[in-house]
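Enquirer: sequence and predicted structure below; questions after.
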Amino acid sequence: MTEKVFGSEKKGSIRDIPLPKENGSAHTLNLQDGPGDDFDNWSQMKRKNKRFGSKLIILVLLAIFIMGVYSALFHSGAIVVNQSVQTVTVTEQEFTASVNPNDGMEFTRVNPFTKSVTQYVEGSEEENKQTKTTGTITVYNTDSEEKNYIKNTRFETEDGLVYRAFRRFAIPGGSDDNPGTVEVTVVAENPGEKYNSESGATFKLPALKEQNSPAYDQVYARQTEPLTGGFSGVIRVPTADDIAEAKIKLRAQIAQDLEKDFASSLPDNYIVNKDYISISEVTFIEKPNSEKGGIDLEAQANLDSVVFKKEIFETFLANELLENSVGQITIDNVQAITMKIVDDQFDPKTVESFKFTIAGDVTFRSSVDANAIKQAVAGKLQSHISSGLVTGLDDVSIQDTSVSPFWRRSMPKNTDNITVTIVE
């Protein structure tokens, strides 16, 4: 389009296009007079965006804080461990036991276990009876080393009365403040009532003085119960047959009582078998009972035995009977295993090694120490635990691990928050 102006043609330009009108007039943007409505709108939008960004940051920080608190309060871990159980049938398989662990299954010899049992036997005929006083005294040892003494060791009172040890004995080591002690049965050297004593007698070992041994001042004894039975005179007594019958009954009773008392006193981590027990030194003392008109027949005996420490017994059999024995192995049914001594001349007091057989179904179980596992995995990455990169778990078969909350990647450092589940 062209327009003639003063007889000449004028070309069109963008500047010739009028601005839009508002309410019938053109709208102009006056930058010299300061910001207008458009500038205000832009500023308001900018402020709104800034406030929104600040709120978003606060929300994110709050979420992180809440997650952190939740993680700290509810951080827990769980680990599932496989426990191996195997049963092996053994038929009269022979093994060697020895005091030397290099020569076989190591055993321990126990100190003699002593007991006495008394039975009254009614008298039926008169007899001139000469009996010796007997009773129990407590022997003390203030030296740090154990002392061993033979049967018939002499004990002498301050007024010169001599009693002798009824059997061998050993006194544990001790000190002046805490001496070692052992109870010993003694018998008067001669018959007669003058050796009887209700209480208060003290004793020394004269042989130690004769040998100029320092133990004379370290070993002494005191009366701990009445010393009775000394008698010299006429009294009603039972017949020889009555006494012999009573001795048979007492011998059986004391053997049964000894085995029962020994088994109940043995710590749980030791194993004993009836074949390994010997009842010996059964002796009888006849104490006149003038009040009843008969005698009190007292039987005393020693129990000697060898025992196996449970851990040694289980490890030895696991190495002998299992193809792959890894870690600590326990046996579920030790009491069901039949064990027999092969050697005819077995004497637990002196034996150094012996042959024995085992028969039955032996159930082995791999030992799992849940506390040790917790200690090993505490604070460790879950991926490292599953990959076998954590020390202390070499003998542990791990089936599964889990950590909560799900975004945590390591086990809690507090072992109380770790659960160990054992499955067969």
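Expert: Thanks, I have it.
Enquirer: contacts and neighbour counts: CA atoms only from here.
Expert: Noted.
Enquirer: check contacts around the most centrally placed residue in the chain.
Expert: Against the mean C-alpha coordinate of the chain, by Cα atoms, centre = their mean, the closest residue is residue 269 at 7.8 Å. Residue 269 makes contacts with 309-311, as judged by Cα atoms under 8 Å, 6 or more residues apart in numbering.
Enquirer: ok, now with 10 Å
Expert: The contact partners of residue 269, taken as Cα atoms under 10 Å, 6 or more residues apart in numbering, are 308-312.
Enquirer: which of these fall in strands?
Expert: Judged by DSSP state E, the contacts of residue 269 include 308-309 as members of strands.
Enquirer: which of the contacts of residue 269 lies closest to residue 75?
Expert: residue 311 (37.1 Å; Cα to Cα).
Enquirer: need the contact list for the closest one.
Expert: By Cα under 10 Å, 6+ apart, the neighbours of residue 311 are 269-271, 328-331.
Enquirer: now a ChimeraX select for only the buried ones of these.
Expert: What follows is the ChimeraX syntax selecting those of the contacts of residue 311 that are buried according to 16 or more other Cα atoms under 10 Å:
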select :270,271,329,330,331
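Enquirer: now, the most widely separated pair of the contacts of residue 311?
Expert: Spatial extent of these (Cα to Cα) is set by the pair 271 and 328 at 17.3 Å.
Enquirer: on that earlier part again, what's the closest of the contacts of residue 269 to residue 366?
Expert: residue 311 (12.4 Å).
Enquirer: how near is the closest one to residue 105?
Expert: Residue 311 sits at a distance of 11 Å from residue 105 (criterion: Cα to Cα, to the nearest Å).
Enquirer: kindly report the same for residue 354.
Expert: Relative to residue 105, residue 354 is positioned 10 Å away (Cα to Cα).
Enquirer: which neighbours do those two share?
Expert: Common contacts of residue 354 and residue 105 (Cα under 10 Å, 6+ apart): 95-99.
Enquirer: so among the contacts of residue 311, where is pLDDT lowest?
Expert: Of all the contacts of residue 311, residue 328 has the smallest pLDDT value, namely 79.
Enquirer: need the nearest residue in space to that one, chain neighbours excluded.
Expert: Among residues not flanking residue 328 along the chain, residue 367 sits closest, at 5.4 Å (Cα to Cα, 6 or more residues apart in numbering).
Enquirer: what is the neighbour count of the one you found?
Expert: By other Cα atoms under 10 Å, 17 other residues sit near residue 367.
Enquirer: and what of residue 381?
Expert: Using other Cα under 10 Å, residue 381 is surrounded by 18 other residues.
Enquirer: pLDDT below threshold where in the stretch 1-150 of the chain?
Expert: Residue ranges of the stretch 1-150 of the chain with pLDDT under 70: 1-53, 63, 65-73.
Enquirer: could you rerun that using 90?
Expert: Low-confidence segments of the stretch 1-150 of the chain (pLDDT under 90): 1-77, 80-86, 110-116, 123-131.
Enquirer: strands along that one, start to end?
Expert: In the stretch 1-150 of the chain, the strands defined using DSSP state E, counting those that start in this stretch lie at 3-5, 8-10, 21-22, 25-26, 76-82, 85-98, 105-106, 108-109, 113-122, 125-141, 147-149.
Enquirer: pop the domain breakdown of this protein in here.
Expert: Under the assignment automatic domain parsing, the domains of the chain span 24-73, 74-83+368-423, 87-109+306-366, 129-234.
Enquirer: okay if I get these as TSV plus distance to residue 290?
Expert: Listed next are these as TSV, based on distance: least, Cα to Cα, whole Å:
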stretch	distance to residue 290
domain 24-73	80
domain 74-83+368-423	64
domain 87-109+306-366	39
domain 129-234	10
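Enquirer: among the ones you listed, which comes closest to residue 294?
Expert: With respect to residue 294, and counting by Cα to Cα, the nearest of the domains of the chain is domain 129-234 at 11.0 Å.
Enquirer: next, the distance between the ends of that closest one.
Expert: 6 Å.
Enquirer: same check, this time on stretch 170-182
Expert: Start and end residues of stretch 170-182 are separated by 7 Å (Cα to Cα).
Enquirer: what residues of that stretch count as buried?
Expert: Buried residues in stretch 170-182 (16+ other Cα under 10 Å): 170-174, 179-181.
Enquirer: which single one of the residues you listed is nearest to residue 304?
Expert: Once Cα to Cα is applied, the member of the buried residues of stretch 170-182 that ends up nearest residue 304 is residue 170, at 13.5 Å.
Enquirer: direction included, what does the helix or strand hosting that closest one pair up with?
Expert: Assigned by DSSP states H and E, residue 170 belongs to strand 169-171. Within its sheet, strand 169-171 is paired with strand 147-149 (antiparallel), according to DSSP bridges.
Enquirer: next SSE downstream of the strand it pairs with?
Expert: Heading C-terminal from strand 147-149 (DSSP H and E), you reach strand 154-156.
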